[in-house]
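Q: the amino acid sequence is not available; the structure is as follows:
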């Protein structure tokens, strides 16, 4: 039997030169790891069952008993938890819901969602959880190549959003110097650039959108992202960008860094247990910390490696508000093919590339916004920002893409206007090739569309107006 | 001999019901405490002398030796450190200056000043310091009445500004629930109000300006600050407001809370060692953590209790970038009269009410902006915001005050216009009585002047243009 919740030694550091934080756990035979996961699952479920009316009622109704979970296959009988369900539970049992499994007095930190898609969800995190998060993040950030000699510039805002806080406690536990600069306050980016030049941080955390925004502001203000800054590793969450090949390449070329994709979903954070290693072949699922399944949204069963599914997450070390089979609604594909890093965790080789409800069905084609982003960022002359507008003209859907062209193209077009036509045709046919549908393009001068310092919102679906 | 740096037991909690964190230290005979302070001073100076070329050079030139400091009187021979001096040292020894007394590898956190008044200063804080800060803040916040049962809403932004971080680590160490919400991002205040209503935090930390801004936004959006929120204690730093009697009263009446004044100066933070107790009779100088002297800006010697002087601060527990006799440039008055709380620390009964260089000399009168704020906030019909504009017409200085009137007065004046004239006369004569000078008043409708979410800038001195 495992002792649960696990206790981490805060003085532990990996042997010098080791690519792994915990070599044995990270490189073990996946079959062996399964046994460990099952034991942790059972202990986590037992904890929740005894302390939470939410889980007790839910599992009793489904006829599920924690002590009868003997295999990962058994675990598939446990019902999913959805975002709507926990929102409703919090509305009925404010503020933290009946799935809070610790005494409210033991809560250390309160965070929450921004509530952009409905009633905000409140997160209550206990002291023990916070401690385990620090250890989990140190381990995953070590896997991304961060070392105690690094200085980490955290360029995402410190408020409800948990990613920033997770990167901070992980960086502290790892022994790196942390510079929690934040983001989002008017005028802050320009000040941040001066600090990056002065302090020369070697690692960066934020959203991919913000890194691209920083690059723009740097260029406008005469900074050279490769010479004035010294980012060796930039790691991201909050958005899929760092897993989109052309966006990843753009960030790596702009800053001269390794661009590392990380992230899971708000309800699971700050356990950022999807995380790439330095090889950057897709996020590993660090599934001895958070157990992740990929589930077919039709059959609701786990899909084989090589297939697409919805990540379903289960905390294995959370005492406060454990999520057990949380339905993320995201879409990804997984593999168990070996990674050169030697870790034996499954991987998401194409990142998290969409959401079940993000997928636009346009004239019968499945269109992911991330596919259009991938095309644009790989096209010479793209100005950095775009919008996707779907509308319905009479009975027919229309895919309209507003695309900024670059200032280089803008200048060239002053001498030779046809250059913009060629750009337009190239973009349209590349999008057609990728998504199977020819878009109506609307070219725009550079800087026309609004930039974001946090997460971009680039899809406008006007068809709902006609429903 | 004291063991230095001091080691705090992270599992320590005061006896249940105790008003003190460390009863003995807080209530000891001040003469006994002096001995303790002298020992800590000597150890702190020795540490700096051995590790920092900045202090070694400075003290060698002044003929000062750490081991010869035997009394607080001896300590007065130690030369001051000024803001300009550390800025210059950082420019010559980037990024942290030659007064960094730990190995750069031992730095845990990087923060800094915003650089609004010149080159930004970078702060490097070691792990041991961070740990001691947490313990010092828990103690001072306990003195302010915060208890483990409290939920602390931190409504100031998490970036360079250290106050937010200090409140957070102190709150965590104390065992309270912390809700680090931040501030400054567009749209965040309104979202914050919903969270305050939902989570019902019992304590608040931020700037006084921001608390008043919250009250305005709450009113505009139909929140009742006393019924919808449950703030028991609101504690402040970053600005003098919470120490200005009428501002303190306004905050207490608006929110139905105790308004607690805290703060020192950026170079000393996050050691927020000026802090009121629940009696609210002026900030105690917790001078066994940071030793504070009040110094006459002319004679440069410590002034007797009852007199005005410039707070000069000395870290007693900082290994990273200790400030030893840091000249704050602020102005205050101190007393050793007993406080009903039983603590025997000296107090600043009128708070920090100005800066040596803030004081406006207008037609030979010494005018502190805080005195004008005090008058306005105590006047019925004041609309919440003001500006002080000093200009020179021919040879004569002019004191002009832009004053917003309230929406209540605005409505009343629609029926009876003379009401505004009466308000104007009342304000003008009250200011004359307080500062000895009749101002030119410019009345403005409510909401005309810009509000701040951080620190207000309310003085415009146009005379410089004519110099």
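A: Perfect, I can see it now. All values reported here derive from a predicted model rather than from experimental measurement.

Q: and stretch A:304-321, what's its mean pLDDT?
A: For stretch A:304-321, the mean pLDDT works out to 97.

Q: distance between the ends of it?
A: End-to-end distance for stretch A:304-321, by CA to CA, to the nearest Å: 29 Å.

Q: for that stretch, which residues meet the burial criterion?
A: A:309-321 (16 or more other CB atoms under 10 Å in any protein chain shown). Yep, even glycine has a C-beta here, placed from its N, CA and C like the rest.

Q: which regions of chain A lie under the pLDDT threshold?
A: For chain A, applying pLDDT under 70 flags the ranges A:1, A:116-118, A:464-467.

Q: how near is the residue nearest to residue A:79 when sequence neighbours are not counted to residue A:292?
A: Leaving out its chain neighbours, the residue that sits closest to residue A:79 by CB to CB, 6 or more residues apart in numbering or on different chains is residue A:62, at 4.8 Å. When CB to CB, to the nearest Å is applied, the distance between residue A:62 and residue A:292 equals 21 Å.

Q: residue A:228 now?
A: 39 Å.

Q: what number of residues lie near the single nearest residue of the stretch 201-350 of chain A relative to chain B?
A: Here the residue of the stretch 201-350 of chain A nearest chain B is residue A:201; by CB to the nearest CB that distance is 8.2 Å. Other residues lying near residue A:201 total 25 when counted by other CB atoms under 10 Å in any protein chain shown.

Q: now it, nearest residue through space, not along the chain?
A: Here the residue nearest residue A:201, using CB to CB, 6+ apart, is residue A:153, at 3.8 Å.

Q: state the next helix or strand along the chain beyond the helix or strand residue A:59 falls within.
A: Assigned by DSSP states H and E, residue A:59 falls within helix A:53-62. Counting by DSSP H and E, the element after helix A:53-62 in chain order, helix or strand, is helix A:72-75.

Q: other SSEs contacting that next one?
A: Applying 3 or more CB pairs under 8 Å, 6 or more residues apart in numbering or on different chains; DSSP states H and E, we find helix A:72-75 packed against helix A:30-51.

Q: show residues contacting the helix it packs on.
A: Applying CB atoms under 8 Å, 6 or more residues apart in numbering or on different chains, the contact partners of helix A:30-51 are A:1-2, A:4-6, A:25, A:55-56, A:59, A:65-67, A:69-72, A:75, A:78, A:99, A:101-102, A:287-288, A:291, A:314-319, A:322, A:324, A:336, A:344, A:346.

Q: switch to 6 Å and redo it
A: Here helix A:30-51 makes contact (CB atoms under 6 Å, 6 or more residues apart in numbering or on different chains) with A:2, A:4, A:55-56, A:66, A:69, A:72, A:75, A:101, A:288, A:291, A:316, A:322, A:344.

Q: mark which of the residues you listed are buried, thanks.
A: A:4, A:55, A:66, A:69, A:75, A:101, A:288, A:291, A:316, A:322, A:344.

Q: can you lay out the residues you listed as TSV showing distance to residue A:262?
A: Output for the buried ones among the contacts of helix A:30-51, formatted as TSV (distance: CB to CB, whole Å):
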residue	distance to residue A:262
A:4	26
A:55	28
A:66	30
A:69	29
A:75	25
A:101	26
A:288	17
A:291	17
A:316	18
A:322	21
A:344	19
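
Q: any chance of the backbone angles for the closest residue to residue A:356 other than its chain neighbours?
A: Spatial nearest neighbour of residue A:356, chain neighbours left out: residue A:329 (5.2 Å); criterion: CB to CB, 6+ apart. In terms of degrees, to the nearest 10, the main-chain angles of residue A:329 are phi 80, psi 0.

Q: tell me, how many neighbours does residue A:329 end up with?
A: 17.

Q: in chain A, which residue sits closest to chain B?
A: Closest point on chain A to chain B, by CB to the nearest CB, is residue A:158, at 3.4 Å.

Q: now do the SS call for the closest residue to that residue other than its chain neighbours.
A: Excluding the flanking residues, the one nearest residue A:158 by CB to CB, 6+ apart is residue B:158, at 3.4 Å. Using DSSP: H, G, I helix; E, B strand; the rest coil, the three-state assignment for residue B:158 comes out as coil.

Q: neighbours of residue B:158, how many?
A: 26.

Q: so it sits against residue B:182, correct?
A: Yes: the criterion here is CB atoms under 6 Å, and residue B:158 meets it with residue B:182 at 5.1 Å.

Q: shared neighbours, the two?
A: residue A:158.

Q: coming back round to it: residue A:62 and residue A:292 - which one has more neighbours?
A: Neighbours per residue, other CB under 10 Å: of residue A:62 and residue A:292, the larger number sits with residue A:292, 25 against 11.

Q: hang on, that one packs against residue A:312?
A: No: taking contacts as CB under 6 Å, residue A:292 lies outside contact range of residue A:312: 7.0 Å.

Q: from residue A:413, how far out is the nearest residue to residue A:48 once chain neighbours are set aside?
A: Leaving out its chain neighbours, the residue that sits closest to residue A:48 by CB to CB, 6+ apart is residue A:55, at 4.4 Å. For residue A:55, the distance to residue A:413 equals 61 Å [CB to CB].

Q: likewise residue A:40?
A: Distance from residue A:40 to residue A:413, counting by CB to CB: 59 Å.

Q: compare these two (neighbour count), which wins?
A: A side-by-side neighbour count of residue A:40 and residue A:413, using other CB under 10 Å, places residue A:40 first with 22 against 19.

Q: quick one: the helices in chain A, in order.
A: Per DSSP state H, chain A carries helices over the ranges A:23-27, A:30-51, A:53-62, A:72-75, A:83-92, A:127-143, A:162-174, A:188-199, A:208-220, A:245-255, A:369-377, A:407-415, A:418-435.

Q: list the contacts for residue A:323?
A: Contacts of residue A:323 (CB under 6 Å, 6+ apart): A:81, A:267, A:268, A:315.

Q: adding distance to residue A:130, write those residues out as CSV.
A: Below are these laid out as CSV (distance: CB to CB, whole Å):
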residue, distance to residue A:130
A:81, 22
A:267, 17
A:268, 15
A:315, 14
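
Q: from the residues you listed, pick the one nearest residue B:255.
A: Residue B:255 has its nearest neighbour among the contacts of residue A:323 in residue A:267, at 32.4 Å by CB to CB.

Q: contact partners for the residue nearest to residue A:158?
A: For residue B:158, counting by CB under 6 Å, 6+ apart, the contacting residues are A:158, A:182, B:164, B:182.
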